[in-house]
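Chemist: Give me a 3D structure for the following:
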Amino acid sequence: MTSVTAVTGNTQAAAESQGSQARASNMVNYDTFLQILVTQMKNQDPTEPMDASQYVSQLASFSNVEQSIQINNKLEVLLAASVVSQVDSIVGRTITSADGSVSGTVSQVKIGATGLVAILDSGAELPVTTGTVIGE
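Modeler: Next up is the predicted model:
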């Protein structure tokens with residue numbers, strides 16, 4: 001059961017790290033957008049200035065994109081938490097690959113980029129994918 005705790009801590013740390021990196025990335029993009037907007041204002045033709053409603057529209061559009069990115073980051077954290085809850089239900093159970101070629105009792109679970117990977121008592125690694133059978 002200790003392997004579940006270790007995996008849980010690592011997953012949460014990874015999810016928080018990804019979230020902070022994404023927030024930093026968003027700030028760079030937001031700052032870049034503001035710099036472009038200011039440059040656009042400085043270089044516009046004074047005899048034909050841009051309509052203020054166009055600026056507001058651009059800011060609103062960018063705000064929507066920024067909020068969508070933040071929602072995606074939060075969904076990724078939720079997905080990571082969901083994966084962690086699945087880990088506890090798999091350890092100690094019998095698992096068989098979709099094609100039936102690999103089978104055994106799960107001793108540990110590793111969370112990879114593609115999802116859960118069950119490590120069997122024999123040392124074999126089995127990705128938990130569609131068609132994988134988990135028994136008692």
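Chemist: element containing Leu59, please.
Modeler: Element membership for Leu59, per DSSP states H and E: helix 52-90.
Chemist: And the following helix or strand past that helix, how far out from the chain middle?
Modeler: Where DSSP H and E defines the elements, the next helix or strand beyond helix 52-90 is strand 94-96. Distance, stretch centre to chain centre, for strand 94-96: 27 Å (C-alpha atoms, centre = their mean, to the nearest Å).
Chemist: which sections of this structure are below the confidence cut-off?
Modeler: 1-30, 50 (pLDDT under 70).
Chemist: Let me know the outermost residue of it.
Modeler: Thr47 (48.0 Å; C-alpha atoms, centre = their mean).
Chemist: which residue sits closest to Thr94, ignoring its sequence neighbours?
Modeler: Gly135 (4.3 Å; C-beta to C-beta, 6 or more residues apart in numbering). All C-beta atoms are positioned from the backbone trio N, CA, C, and that covers glycine.
Chemist: My guess is that neighbour contacts Arg93. True?
Modeler: Yes - here Gly135 reaches Arg93: they are 6.3 Å apart, a contact under C-beta atoms under 8 Å.
Chemist: Having no further points to raise, I will conclude here.
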